[in-house]
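**Q** model the following, please.
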Amino acid sequence: MAATTALPADKRAQQGGLLFLASLLVFFLTGIVSFALYASWRETAFIQAEKLPLSFAWSTLCLVFVSGLLHWGVFSVRRERCREALVLLIASLIGAVAFLVIQGVAMWHVAGGYATAGLEAGLAGMMLVLALLHALHVIGGVAALVIVTARLARGQYDHERHWGISFTALYWHFLDVVWIAMLFAFWYTSGGFAS
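**A** The predicted structure follows:
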């Protein structure tokens, strides 16, 4: 079979994966827009006086780093450099765990900082729920990384068959875009980042 012809099972997996990402996009866009509307309708300016933890920015760098490594990993697999791709996927796993740890610290600071906010506790709660939902999807991305890393180590991917790694990279790119949109909404409705 030619390298340019997708196998039927691969085609179904691609369609299912893209449908999954489309449904997640609707889910997260609804949450971000709801947060932004709720924040804009608040009459008190307390939330604007509160600063976001700088760890939110650091976690963003981790997320972009993981996405970049995965993009490079897909490139490597397509060129039959599977050993290089394996190193990149392992580095991606380390970066993903670092994101989760830093994100946990950031959420802890938000919860502590806004706990006494009174009327604005609802807005802080929405911020925490959105960040937590994103973190849960990152945990799903970590699970996918573990699976494709193990399969790559067993030699199950090559230049013709790499949909698992490609979709995992696409999922992480999606998580990047969603997180950056969330972070912008958080920043816009708060007093910026703490120094």
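
**Q** which residues of this protein score low on pLDDT?
**A** Scanning the chain for pLDDT under 70 picks out the ranges 1-10, 42-50, 113-122, 191, 195.

**Q** what residues does stretch 62-75 touch?
**A** Contact with stretch 62-75 is made by 84-85, 88-89, 91-92, 95-96, 98-99, 102, 138, 145, 162, 165-166, 168-169, 172-173, 175-176, 179, as judged by CB atoms under 8 Å, 6 or more residues apart in numbering. Bear in mind the C-beta positions are built from the backbone N, C-alpha and C, glycine included.

**Q** show me which of these are buried.
**A** Taking 16 or more other CB atoms under 10 Å as the criterion, what is buried in the contacts of stretch 62-75 is 85, 88-89, 91-92, 95-96, 98-99, 102, 138, 145, 162, 165-166, 168-169, 172-173, 175-176, 179.

**Q** next step: these restricted to helices.
**A** With DSSP state H as the criterion, helices contain 85, 88-89, 91-92, 95-96, 98-99, 102, 138, 145, 165-166, 168-169, 172-173, 175-176, 179 from among those.

**Q** identify the residue spatially nearest to Ala153, adjacent ones excluded.
**A** Leu86 (5.9 Å; CB to CB, 6 or more residues apart in numbering).

**Q** measure that neighbour to Arg151 for me?
**A** To Arg151, Leu86 is 10 Å away according to CB to CB, to the nearest Å.

**Q** need the CA coordinates for stretch 141-155. CSV is fine.
**A** Output of stretch 141-155 as CSV, limited to C-alpha atoms (Å, rounded to 0.1, in the frame of the first residue of the first chain):
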residue,chain,number,x,y,z
GLY,A,141,-2.7,14.3,27.5
VAL,A,142,-0.1,12.9,29.8
ALA,A,143,-1.8,9.5,29.6
ALA,A,144,-1.8,9.7,25.8
LEU,A,145,1.9,10.6,25.9
VAL,A,146,2.7,7.6,28.1
ILE,A,147,0.8,5.3,25.6
VAL,A,148,2.5,6.7,22.4
THR,A,149,5.9,6.8,24.1
ALA,A,150,5.6,3.1,25.0
ARG,A,151,4.4,2.2,21.5
LEU,A,152,7.2,4.1,20.0
ALA,A,153,9.7,2.3,22.2
ARG,A,154,8.2,-1.0,20.9
GLY,A,155,8.7,0.1,17.3
